[in-house]
Each structure stands twice: as structure tokens, then as C-alpha cells.
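**Student:** Mind looking at a prediction? Sequence and model below.
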Amino acid sequence: MARPAVIALWAVPRSRSTAFERMMIERGDLNVVHEPFSYLTASGQFTFGPTTVSRLDDLFDLLLRHSGDQPLFFKETTDYSYDSLLADPRLFTGVTNTFLIRDPDSVVASYHALKPTMALEEVGFERLYRIFRAVSDATGEQPVVVDADDLIRAPDTVVEAYCRRVGLTFTTGSLRWSAGARTEWGLTDAWHRDVSASTGFVDAGRTYTTHPGNDAWLAEVAAYHRPFYEKMYACRIATDPPGVAPG
């Protein structure tokens with residue numbers, strides 16, 4: 001497979017996507033951009049290199065026209081909706097779109113702990129599946145899907161398969177990194193404390209007082225998103241024999 005010019009990782013929030021991004025930074029052969037569309041939506045602008053943009057289509061155009069010899073990797077979470085991008089054919093022809101999921105119960109508990117006022121749609125599985133379906137329909141191919149629990153359980157296997165699927169060379173050294181926050185995470189630092197303290201793909205072992213198992217609203221939110229998760233889970237990079245989604 002030819003080396004891709006732009007790789008996107010679309011992820012639900014609280015799915016260890018920043019750890020995945022940190023691994024891609026550690027490679028050293030990619031120009032890595034952190035949540036450009038989220039930052040633009042939240043703050044009204046995004047600066048990439050010497051250019052600042054305030055419109056989503058201008059930002060997408062800027063990412064596709066990135067300069068330099070290195071391919072560009074961006075990771076984005078679906079706290080927000082980016083449906084206007086689905087009308088741009090370059091999303092399907094100019095980008096290798098990949099996806100990261102995590103069990104909805106874990107996502108909902110973690111998200112609620114950081115934002116107790118969260119709205120149902122912010123959990124993001126429905127939005128993520130909409131992008132996944134659009135990519136599948138437009139390209140006629142099944143996009144790469146990584147499950148966060150598989151990533152923690154077997155990082156070598158999952159990352160090697162991911163790299164092979166997207167046309168990157170797998171480097172085992174990228175699975176370990178130095179602990180510490182990144183400047184590009186500054187606006188949302190509270191959401192990235194676990195990965196800032198980490199040196200690889202590990203389960204931080206967090207438990208939450210309030211979770212879908214003891215809160216009716218959170219159970220409703222998780223149940224709403226589970227069908228979208230299960231559809232994508234069935235397409236994931238598998239580390240064991242195929243089966244039904246957990247839960």
C-alpha cells in the first residue's frame with residue numbers, strides 16, 4: 001500500500017484516543033494534529049502552522065494542503081458534529097479514515113466524571129457511526145476500526161495491524177513514550193491527564209462513583225449508543241476469534 005498523505009482517527013470521547021495520538025507522535029515520521037475540528041468548534045478558530053482559520057471547510061482544506069515531506073495524522077473526537085464534512089468528496093478520496101471505539105459503559109462513566117452536564121449526543125457513537133457509514137458507502141471498503149480494550153490488551157498486535165492496513169511501517173519503539181503533557185493539549189488538559197502520566201498503553205484502573213450500573217440516566221445514554229458501538233465492533237481489528245460484542 002502506498003504511504004498515505006493524510007490519516008484521520010475518528011474517535012468517541014474517552015476512548016484512549018489521545019494515547020493513540022501520543023503513540024503516533026512518538027513515531028517521529030508524521031505531522032500530528034490534535035483535535036482540529038473540536039478546537040475550532042469550541043473556540044471559533046484553529047491555527048495550523050502560520051495560518052489561522054475560523055471555518056470548518058477552510059480548516060479541512062488547510063489540512064489537506066499541508067506542506068512538508070511527512071504525512072499528516074489528525075485525531076478527532078465526536079463530541080461535536082461535523083456533518084458538513086460528509087458533503088466534501090475529498091473526505092473519501094484524500095483521507096485514510098480510521099476509527100476508535102470503546103465500550104459505551106466505560107465511555108459514559110468517564111465522560112460524566114469530567115462533565116456531569118453532558119448531553120446524550122456528546123457521547124458521540126451515533127456521530128462516529130455516521131462518519132463510518134459514509135466512508136464505507138463512498139469507498140466500498142470497510143474502514144479500519146480499533147477497539148480501545150483490544151488496544152490495551154494487545155497493543156503490539158493491534159498497532160501492527162493498524163499500520164499495515166493504512167500503509168505505515170510498524171515501529172515497536174512507538175509503543176513507549178516519556179510521560180508529560182503536550183503543549184497542543186493545553187486547552188483541554190484536564191481530559192488528558194491519564195495519558196500525560198502514562199508511558200504506554202495501560203489501563204489507568206479508574207473507577208467511578210456514578211456509572212451506568214447505578215444511575216438510570218447514564219444507563220439510558222449507554223443503551224442508546226450501544227447499537228452503534230456494536231455495529232463498529234463487529235468490524236474491528238480482532239485480537240481473538242470473531243464473536244458478539246461484550247455487554
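**Tutor:** That came through fine.
**Student:** can you give me the helices for this protein?
**Tutor:** Per DSSP state H, the chain carries helices over the ranges 17-27, 36-43, 56-64, 90-93, 104-114, 125-139, 148-153, 155-166, 193-197, 216-233.
**Student:** ok, and what's touching stretch 123-137?
**Tutor:** Outside stretch 123-137, the residues within contact range by Cβ atoms under 8 Å, 6 or more residues apart in numbering are 10-13, 77-83, 85-86, 91-92, 97, 99, 101, 104, 107-108, 111, 121, 142-143, 145, 221-222, 224-226, 228-229, 231-232. The way it works is simple: take the backbone N, C-alpha and C, and place the C-beta from them, glycine included.
**Student:** Now render the helices of the chain as JSON lines, adding distance to Gly173.
**Tutor:** Converted to JSON lines, the helices of the chain look like this (distance: least, Cβ to Cβ, whole Å):
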{"stretch": "helix 17-27", "distance to Gly173": "7"}
{"stretch": "helix 36-43", "distance to Gly173": "27"}
{"stretch": "helix 56-64", "distance to Gly173": "27"}
{"stretch": "helix 90-93", "distance to Gly173": "31"}
{"stretch": "helix 104-114", "distance to Gly173": "28"}
{"stretch": "helix 125-139", "distance to Gly173": "30"}
{"stretch": "helix 148-153", "distance to Gly173": "17"}
{"stretch": "helix 155-166", "distance to Gly173": "11"}
{"stretch": "helix 193-197", "distance to Gly173": "18"}
{"stretch": "helix 216-233", "distance to Gly173": "29"}
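**Student:** ok, back up a step: what's the PyMOL syntax to select whichever of the contacts of stretch 123-137 are buried?
**Tutor:** The following PyMOL line selects those of the contacts of stretch 123-137 that are buried, judged by 16 or more other Cβ atoms under 10 Å:
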select buried, resi 10+11+12+13+77+78+79+80+81+82+85+86+91+92+97+99+101+104+107+108+111+121+143+145+221+222+224+225+226+228+229+231+232
